[in-house]
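Participant: structure for the following, please:
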Amino acid sequence: MSRLRQELKVIPLAAWIITLLVYGGFVVLSSQVLIPRDPELSPWPTLPKILFSFGIPLIVAVLVLLIGYVYADARRRGMRYVLWTLLAVFIPNAIGIILYFILRDPLPQPCPRCGAAVAAKFPYCPSCGTAVAQTCPNCRGAVEPGWPHCAHCGASLRAVRTPAGQTEERDR
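Facilitator: I've put the predicted structure just below:
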């Protein structure tokens, strides 16, 4: 299955229904009310009238689907989904939607031991306590691979255990 198809399945059914209703309403409004009553649009040829009637509402429909995606995606990522949905709706020119895509959290990963969802910022599974990320041997805080020192306590991360159990310094 393609990535786009997977992401489209995230959008709730209610958002799809609202999108179809909004799109149909705008098509009827533009073709039956706006174009016949507007003195500048009524003399247009038939093809541009049809494109206008079906094309402009398509932009609104895509925005409604994007708002539905923001709602569902923020919810599955464990973010404040109501807040992000409101920002996507009320910040004009789709800037709220763009901000969401820039600032969203990574997807939670399943715990290798119990399968519970673990946020990317957690070094341990909240359900079973299994380490899911590299941690500092001194303070047990999450560390990135390649860090020479822990950002939480300052302990050196260069020390590694040899098979005999002695500690030695790695050359970097």
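Participant: which parts of the protein are strands?
Facilitator: Here the chain has its strands, by DSSP state E, at 109-110, 117-118, 159-161, 167-169.
Participant: quick check: which ranges of this protein have low pLDDT?
Facilitator: 1, 159-172 (pLDDT under 70).
Participant: longest helix in it, please.
Facilitator: Looking across the chain with DSSP state H, the single longest helix is helix 46-76.
Participant: report all helices and strands that it contacts.
Facilitator: helix 13-29, helix 35-37, helix 81-90, helix 95-103 (3 or more CB pairs under 8 Å, 6 or more residues apart in numbering; DSSP states H and E). In short, each C-beta sits where N, CA and C put it, glycine included.
Participant: buried deepest among the ones you listed, which one?
Facilitator: Comparing the helices and strands packed on helix 46-76 by mean neighbour count (mean count of other CB atoms under 10 Å), helix 81-90 comes out on top with a mean of 16.
Participant: now that one against helix 95-103, angle please.
Facilitator: Angle of helix 81-90 versus helix 95-103, following axes from the mean of the first three to the mean of the last three CA atoms, to 10 degrees, is 130 degrees.
Participant: so what touches helix 81-90?
Facilitator: L66, I67, V70, Y71, A72, A74, R75, A94, G96, I97, L99, Y100 (CB atoms under 8 Å, 6 or more residues apart in numbering).
Participant: nearest to L41, of those residues?
Facilitator: A94 (25.5 Å; CB to CB).
Participant: still on that earlier bit, adding distance to G154, write the helices and strands packed on helix 46-76 out as JSON lines.
Facilitator: Shown next, in JSON lines, are these (distance: least, CB to CB, whole Å):
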{"stretch": "helix 13-29", "distance to G154": "48"}
{"stretch": "helix 35-37", "distance to G154": "69"}
{"stretch": "helix 81-90", "distance to G154": "35"}
{"stretch": "helix 95-103", "distance to G154": "29"}
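Participant: looking at the ones you listed, which is closest to T135?
Facilitator: Comparing the helices and strands packed on helix 46-76 by CB to CB, helix 95-103 comes nearest, at 26.1 Å.
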